[in-house]
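**Student:** mind folding the following:
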Amino acid sequence: MTFLRLLWLHVRIGVLNELQYRGNLVVQAVESLFGLASALLGLGIVFAKTETLVGWRPAELLAIVGVYFLVGGITRVVVQPSLARFMEDVRLGTLDFALTKPVDAQILASVRQVEIWKGIDIVVGLGLLAVSLARVGESVGAARALAFLGALAAGTTIVYSFLLVLATCSFWFVRLQNIFVIFQSMYEAGRWPIGVYPPWLRGTLTFLVPVGFAITVPAEALVGRLSSATLLGAIALAVVAPFLARRFWLVGVRHYSGASA
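**Tutor:** This is a model prediction of the structure:
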């Protein structure tokens, strides 16, 4: 409950802050539309030459693009801006203010910055998923819906854990401002099924940078292509990853010297 209260508090603060700069809404909308146009143009070019891509039909690939926008929106609304602010606090030695508060510092560092206009990507993602399901022409039963929600929650948890590990590295390497830019470049690969890449890159985007678990697996669940073994593997990793990220975070905090050093 502490997490939910903190999240709601910072969402309210984020909304109030963003309402002061409503031009950001227009900028974000234009950025999201350009991203959507780029993704759809890529699909159009590919399917002008073939009917399927590694077994995926056009309507099914639209689900991957939808999950790509949905997960990206979720992380960019709260997780990435909060962890970027945390990294800046470490660099400046001002993380003391968070560490001395009567709440868990990891939770506070993960939710303290909310950029509400990034939520446009969430809306775009949900719209694409609806269009995908309509074009696939299959009804989504309770089992498939639960599998999708479970895979989506698992994928988002894995991405959060990965980003937390990256951010925690700032305790040792002070200047890591571009680390999330590098991650975003890798995340772009998620607009396509993980199976289109060569084995070495497929392994990298599955286990090193968890793009496959975050995007392809939930999309497979939604269109009925996901095996039970893969779903269980994603859930298992979503249980292990936060635990490992938490341990790494605690080690990092012990290495933090603060502004008084």
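**Student:** ok now stretch 210-219, how far from the chain's centre?
**Tutor:** Chain-centre distance of stretch 210-219: 10 Å, with Cα atoms, centre = their mean, to the nearest Å.
**Student:** could you pull out the helices for the stretch 101-250 of the chain?
**Tutor:** Assigned by DSSP state H, counting those that start in this stretch, the stretch 101-250 of the chain shows helices spanning 105-111, 120-136, 142-168, 179-187, 199-203, 211, 217-222, 228-254.
**Student:** out of those helices, flag the one nearest Val77.
**Tutor:** Nearest of these to Val77, taken as Cβ to Cβ: helix 120-136 at 7.2 Å. Quick note: C-beta positions are derived from backbone N, CA and C, even for glycine.
**Student:** other SSEs contacting the closest one?
**Tutor:** Helix 120-136 sits against helix 23-47, helix 58-74, helix 217-222, with contacts defined as 3 or more Cβ pairs under 8 Å, 6 or more residues apart in numbering; DSSP states H and E.
**Student:** that helix - what's its average pLDDT?
**Tutor:** Confidence for helix 120-136, expressed as mean pLDDT, is 88.
**Student:** list the buried residues for it?
**Tutor:** Across helix 120-136, burial judged by 16 or more other Cβ atoms under 10 Å covers 120-122, 124-125, 128-129, 132-133, 136.
**Student:** ok, stretch 241-261 next?
**Tutor:** Here stretch 241-261 shows 241-242, 245, 248-249, 252, 256 as buried, counting by 16+ other Cβ under 10 Å.
**Student:** nearest to Gly44, out of the helices of the stretch 101-250 of the chain?
**Tutor:** Nearest of those (Cβ to Cβ): helix 120-136, 14.2 Å.
**Student:** give me the angle between the closest one and helix 142-168.
**Tutor:** Orientation note: helix 120-136 sits at an angle of 150 degrees relative to helix 142-168 (axes from the mean of the first three to the mean of the last three Cα atoms, to 10 degrees).
**Student:** show residues contacting helix 120-136.
**Tutor:** The contact list for helix 120-136 (Cβ atoms under 8 Å, 6 or more residues apart in numbering) reads 25, 28-29, 32, 35-36, 57-60, 62-63, 65-74, 76-77, 140, 222-223.
**Student:** same thing but at 10 Å, please
**Tutor:** By Cβ atoms under 10 Å, 6 or more residues apart in numbering, the residues outside helix 120-136 that reach it are 25, 28-33, 35-36, 39-40, 57-77, 139-140, 148, 218-219, 222-224.
**Student:** ChimeraX command for the buried members of those residues?
**Tutor:** Buried members of those, defined by 16+ other Cβ under 10 Å, are picked up in ChimeraX with:
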select :28,32,35,36,39,58,59,60,61,62,63,64,65,66,67,68,69,70,71,72,73,74,75,76,77,140,148,218,219,222,223
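**Student:** nearest residue to Val71 other than its sequence neighbours?
**Tutor:** Ala214 (5.2 Å; Cβ to Cβ, 6 or more residues apart in numbering).
**Student:** who's in contact with that neighbour?
**Tutor:** Taking Cβ under 10 Å, 6+ apart as the test, what Ala214 contacts is 67-68, 70-72, 74-75, 151-152, 154-160, 162, 187, 190, 205-206, 234.
**Student:** ok, back up a step: adding mean pLDDT and distance to Cys169, write the helices and strands packed on helix 120-136 out as TSV.
**Tutor:** Shown next, in TSV, are the helices and strands packed on helix 120-136 (pLDDT from 0 to 100; distance: least, Cβ to Cβ, whole Å):
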stretch	mean pLDDT	distance to Cys169
helix 23-47	80	28
helix 58-74	91	22
helix 217-222	91	26
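**Student:** of these, which approaches Pro102 most closely?
**Tutor:** Closest among the helices and strands packed on helix 120-136, once you apply Cβ to Cβ, is helix 58-74, at 27.6 Å.
**Student:** which neighbouring elements make contact with the closest one?
**Tutor:** helix 23-47, helix 120-136, helix 142-168, helix 179-187, helix 217-222 (3 or more Cβ pairs under 10 Å, 6 or more residues apart in numbering; DSSP states H and E).
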